[in-house]
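Q: A predicted structure for the sequence below; I have some questions about it.
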Amino acid sequence: MTIEAQVTRLGLRVEEFVRSVASLEEELFLKKLNGWSPRDIVAHLTGWNLYMIEGSKQIKRSELPFYDVDPGENYSKVNAVLVRKYSSTNKQELLDELRTTTQELQRFLQSIDSSEWDRDYGVRHQGAVITIKNSVDELIDDYDAHRAEIEEWAKRSEAR
């Protein structure tokens, strides 16, 4: 997949995620389910957009991205930092911040030379090759998984 196609795909997935979160009642937005609230998830993804920029720069220097050095179980350590950093409980404010960091990430990705996109710089994590492309793929997958999770929470909430 080209950089342009991937950037477009990222934007579409973010907007699908934003629509799902925007439709939540305020009470559900702040309610913790499975350890995180939808608010926490928005904070997490807002920060990961920026983590991708720094991590991509590290990959290009043949360095393991900082978030992979000591992430904790299921990235609990790096995610906890983001939930604290983006601490607002205002849904619109957080969604605006998410869109802003998404735009920053998209601009950064568009600045990457196509030869760097899927290049193996020798970076490995738990035996897997880490590239800029597959890092962005994982972020997009995270948006999809969290959107589905939030939509399921909303359905269960309505059923009660």
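A: Yep, that arrived. Remember, predicted model here, so these are calculated numbers, not experimental data. Numbering: from 1, shown residues only.

Q: tell me, what residue is most central in this structure?
A: The chain has Leu45 as the residue nearest its centroid, 3.6 Å off, counting by C-alpha atoms, centre = their mean.

Q: Which per-residue confidence value corresponds to that one?
A: pLDDT recorded at Leu45 is 98.

Q: check which helix or strand covers it.
A: helix 38-60 (DSSP states H and E).

Q: pLDDT averaged over the longest helix belonging to the chain, what's the number?
A: The helix that spans the most residues within the chain, counting by DSSP state H, is helix 132-159. What helix 132-159 shows for mean pLDDT is 92.

Q: For that helix, list every residue counted as buried.
A: 132-133, 135-136, 139-140, 142-143, 146-147, 149-151, 153-154 (16 or more other C-beta atoms under 10 Å). The C-beta positions use only the backbone N, C-alpha and C, and glycine is treated the same way.

Q: Convert the C-alpha atoms of the one helix or strand in the chain whose mean pLDDT sits lowest to PDB, please.
A: Sorting the helices and strands of the chain by mean pLDDT, DSSP states H and E puts helix 76-85 at the bottom, at a mean of 90. Coordinates of each C-alpha in helix 76-85 appear next as PDB, following Å, rounded to 0.1, in the frame of the first residue of the first chain:
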ATOM      1  CA  SER A  76       0.200  -0.300  30.000                       C
ATOM      2  CA  LYS A  77       3.100   2.000  31.100                       C
ATOM      3  CA  VAL A  78       3.100   4.100  27.900                       C
ATOM      4  CA  ASN A  79      -0.700   4.200  27.700                       C
ATOM      5  CA  ALA A  80      -1.000   5.300  31.400                       C
ATOM      6  CA  VAL A  81       1.200   8.400  30.600                       C
ATOM      7  CA  LEU A  82      -1.200   9.400  27.800                       C
ATOM      8  CA  VAL A  83      -4.300   9.000  29.800                       C
ATOM      9  CA  ARG A  84      -2.800  11.400  32.400                       C
ATOM     10  CA  LYS A  85      -1.400  13.800  29.800                       C
END
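
Q: Give the buried residues for it.
A: Buried, per 16+ other C-beta under 10 Å, within helix 76-85: Val78, Asn79, Leu82, Val83.
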